[in-house]
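Enquirer: Next one to model:
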Amino acid sequence: MQRRFRLSFLVLTAIAVAFPVASFAVPFILIPTSVDFGSQSIRKKSAAQSISIVDTGDTDLTVSSISISDPHFQLVDGEVPKNIRTSHPRAVYSLVFAPDAVASFSGMFTITIDGYAPVSVPLSGTGIDTNAVIQISPSTITFADQVAGTTSLKQPVTITNTGTDPVQVLSVTSSSSFFLQSGFNAPVILNPGKTLKLGMRFAPTAETSYNGVLDVAYDLLPDSGVSLAGTGTQPGVLTVTSPIALPAAVPGAAYLATLTAQPGGGSLSWVLDKASTLPTGLSLTNAGVISGTLDASVATGNYSFTARVRDSVARTFASKSVTIPVIAPTGANCSNISVDVAGTSTPILALTDLGTGTYLGSEGGLYPDGTNVRPADHDAAGISLANQIQPLDADGNPDPDGKEAFLLLGPSFASEVLSTFLPIASADPALNPALVIVDGALPGETIETIANPANEYWNTILNYLIPNAGVTANQVQAVWTDEVLAFPSGVFPDDMSDLLSDLRKLAQDIHVFFPNAKLMYFSSRVYTGYSLGVSTQDPEPYAYESGFAVKWTIEDQLDGDPALNFDSTRGPVMAPWLAWGPYYWTNGLLGRADGLTASCDDYRDDGNHPSDVVGRVKQSGILIDFFKSDTTTTPWYLAH
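Expert: Below is the predicted model of the structure:
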């Protein structure tokens, strides 16, 4: 260990020689010594670039302050004050460049470390503009009454450059897998006067409503989009309702998928079409279960087959061609496709499926009495508050030209989801134009830190992230958060009692910091079974159990706890109105009753954080669907 430390010190010393910032009397270095953001469109912010402070000595350091001399360079991550410990000798600050004019900009990122003179990193960048103008038609597509298990006819989407400069279309993304995009496969240059034609189809799997956004990203322009909505209806005849694309499989890993059909008057039996085969290692049972371990020799790609189902009573048949995507191993534990209650072979049930049943003595359901439906009086109170949300000026006074700020909080996994959610949500034509969505999630910001009002994370959120969004704390009127304990003990319900305590403190902090915040929504962790043996963060069943802490926090308010009172007619207001946001947890590929599953391609190699595209888009889509449909969000989230 000592030899390794000396080697690391020599490497850092070499870096210090190559990148001198201050004299060798200081026991730290800055990497890099300058940051050039290059050319950046004035219509959008740049990608983030990071500056690291590396402790090269044998004592802890404290970053007491930072400053940025030019407001066109903005902090998006990093804490102040920040202790840099020799055991983890690095602090990282991330900045973006947000030019507002065609000009060159320069500034200084200055860091003060206790006991040493301030040191600075020069910042530079050039603002550029374009005469490209994008027009998307239509702005809204609604698919009405589509039978579950079937796919609608294609509805056209036309993207036209009506400007005089070319623009590159970088990506086209549907926020929901139930809305299928066709016509875009790779980045394309859209010259002046030219058109890109796309198609949208709707493929529901259940009798419910769906919401989404078709997001189009460009190199020099902010994202634009199409608002999507659709309604699935129950089949009148036997129909295979499984999605066209089943969860992804990984070579050498276990796999599970269950085919579904409706309505079915008797028992259903499944077979493969005579001309179809499954990837090597998988088989289909008579009950419609596809399982096995995918052979390691199976190449990546999409494997399609046709499944046939028969109703034993009606003696009717139905069939459908579906696909199993095969992806390369991710590094996560892709064989851990579900988890059981500790010490049993009984699969854990999502809170939404557990109902009045219990998990280790605790009742399920998102709300009291095992129900997933928000109590009627609480819902009515939330709707009333939602209708009171209005544009406010910087001091929090009603102003028709003001803003309605929506703050989203959480640690790294939430931050990664929000990096995808924010551009997609902002591109939605259905979004309230007065609404400003503030990404307040920060890596490392677990509930133990954010529940402490004196913690350095609040300094970053209040003094950097909120002002960078062009709003003030007085304009924040709604909050969403997804929080966890950094160091759970692994004991239930003790961990959840600790998490409950901190969630209560956070709700109270929100009221103090944001006195006009009326509504607060909680989510709990996604399935993290794929991290077992790979990562120590939020292991199962802790990720599942975190849902109980959210449930109990909301129940405390429902029970009239004065410390969480939101109703001024009942005493001093201590917290916003509290409710569930999206409930993400599902038992891996075993899934839950509404069909939601978690597959290995939803995650990065640690099996915990969302994958760069698939996982982030999936979780963003669930958020978007919730905010576009909940009774207490539509009055302020959507344009009216």
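Enquirer: thought Arg85 was touching Asp58?
Expert: No: no contact is recorded between Arg85 and Asp58 when judged using Cβ atoms under 8 Å, the distance being 11.3 Å. Yep, even glycine has a C-beta here, placed from its N, CA and C like the rest.
Enquirer: Low-confidence ranges, this protein, go.
Expert: By pLDDT under 70, the weakly predicted segments of the chain are 1-24.
Enquirer: swap the cut-off to 90 and go again
Expert: By pLDDT under 90, the low-scoring segments of the chain are 1-26, 85-89, 264-266, 312-315, 444-445, 484-490, 535-539.
Enquirer: Report the central residue of it.
Expert: The residue at the geometric middle of the chain, judged as the C-alpha nearest the mean C-alpha position with Cα atoms, centre = their mean, is Val417 (2.7 Å).
Enquirer: Comparing Arg85 and Asp58, which residue is more hemmed in?
Expert: Looking at Arg85 and Asp58 with other Cβ atoms under 10 Å, you find the greater number of neighbours at Arg85, namely 13 against 10.
Enquirer: For the more buried one, grab phi and psi.
Expert: Backbone torsions for Arg85, taken as degrees, to the nearest 10, come to phi -100, psi 150.
Enquirer: For the residue nearest to it when sequence neighbours are not counted, give its distance to His88.
Expert: In this structure, Arg85 finds its nearest non-sequential neighbour in Asp60, 5.0 Å apart by Cβ to Cβ, 6 or more residues apart in numbering. Distance from Asp60 to His88, counting by Cβ to Cβ, to the nearest Å: 10 Å.
Enquirer: Looking at the two, which is more packed in?
Expert: Between Asp60 and His88, Asp60 has the larger neighbour count (other Cβ under 10 Å), namely 14 against 10.
Enquirer: Spit out the contact partners of that one.
Expert: When contacts are counted by Cβ atoms under 8 Å, 6 or more residues apart in numbering, Asp60 touches Asn83, Ile84, Arg85, Thr86.
Enquirer: The nearest residue to Thr280 once chain neighbours are set aside: neighbouring residues, count only.
Expert: Computed as Cβ to Cβ, 6+ apart, the closest residue to Thr280 that is not its neighbour in sequence is Asp295, at 4.0 Å. Asp295 has 12 neighbouring residues, counting by other Cβ under 10 Å.
Enquirer: Including secondary structure and distance to Phe548, could the contacts of Asp60 go into TSV?
Expert: Written out in TSV, the entries for the contacts of Asp60 read as follows (DSSP: H, G, I helix; E, B strand; the rest coil; distance: Cβ to Cβ, whole Å):
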residue	secondary structure	distance to Phe548
Asn83	strand	33
Ile84	strand	36
Arg85	strand	33
Thr86	coil	38
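Enquirer: of those residues, buried ones?
Expert: By the neighbour-count criterion of 16 or more other Cβ atoms under 10 Å, these include these buried positions: Ile84.
Enquirer: and which of the contacts of Asp60 is nearest to Leu170?
Expert: For the contacts of Asp60, the minimum distance to Leu170 (Cβ to Cβ) is 36.9 Å, reached by Ile84.
Enquirer: Just to check, that closest one is in contact with Thr62?
Expert: Yes: applying Cβ under 8 Å, one finds Ile84 in contact with Thr62, separated by 7.2 Å.
Enquirer: Please identify every residue contacting each of these two.
Expert: Between them, Ile84 and Thr62 share no neighbouring residue, with contact defined by Cβ under 8 Å, 6+ apart.
Enquirer: give the contact list for Asp215.
Expert: Ser171, Val172, Thr173, Ser174, Ser175, Asp223, Gly225, Pro423, Ile424, Ala427.
Enquirer: Run the chain-centre distance for the helix or strand hosting it.
Expert: Assigned by DSSP states H and E, Asp215 belongs to strand 209-218. Distance of strand 209-218 from its chain centroid, counting by Cα atoms, centre = their mean, to the nearest Å, is 15 Å.
Enquirer: next one: stretch 413-424
Expert: Distance of stretch 413-424 from the chain centroid (Cα atoms, centre = their mean) equals 5 Å.
Enquirer: Convert it to PDB, retaining C-alpha atoms only.
Expert: Listed in PDB are the C-alpha atoms of stretch 413-424, where the atom choice follows Å, rounded to 0.1, in the frame of the first residue of the first chain:
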ATOM      1  CA  PHE A 413     -28.600   8.300 -10.500                       C
ATOM      2  CA  ALA A 414     -31.300  11.100 -10.500                       C
ATOM      3  CA  SER A 415     -28.800  13.500 -12.000                       C
ATOM      4  CA  GLU A 416     -28.100  11.200 -14.900                       C
ATOM      5  CA  VAL A 417     -31.900  10.700 -15.600                       C
ATOM      6  CA  LEU A 418     -32.500  14.400 -15.400                       C
ATOM      7  CA  SER A 419     -29.800  15.100 -17.900                       C
ATOM      8  CA  THR A 420     -32.000  13.300 -20.400                       C
ATOM      9  CA  PHE A 421     -35.400  14.300 -19.000                       C
ATOM     10  CA  LEU A 422     -34.700  18.100 -19.100                       C
ATOM     11  CA  PRO A 423     -34.100  18.500 -22.900                       C
ATOM     12  CA  ILE A 424     -37.000  16.100 -23.800                       C
END
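Enquirer: List the contacts of it.
Expert: Stretch 413-424 has contacts (Cβ under 8 Å, 6+ apart) with 77, 173, 175, 213, 215, 217, 222-223, 225, 408, 410, 437, 439, 441-443, 481-482, 525-526, 608-610, 615-617, 619-620, 623-624.
Enquirer: coming back round to it: give the full set of residues in contact with the residue nearest to Thr280.
Expert: Applying Cβ under 8 Å, 6+ apart, one finds that Asp295 lies in contact with Pro251, Gly252, Pro279, Thr280, Gly281.
Enquirer: And for the last one, nearest residue in space, chain neighbours not counted?
Expert: Read it as Gly281. Counting by Cβ to Cβ, 6+ apart, Gly281 lies nearest to Asp295, which is 4.0 Å off, once chain neighbours are set aside.
Enquirer: Would you mind giving the secondary structure of the one you found?
Expert: coil (DSSP: H, G, I helix; E, B strand; the rest coil).
Enquirer: how close does it get to Phe179?
Expert: To Phe179, Asp295 is 33 Å away according to Cβ to Cβ.
Enquirer: if we can go back for a sec, neighbouring strands - and their directions - for the strand holding Asp215?
Expert: Each strand pairing with strand 209-218, determined using DSSP bridges, is listed with its direction: strand 167-174 (antiparallel), strand 224-233 (antiparallel).
Enquirer: That'll do, ta.
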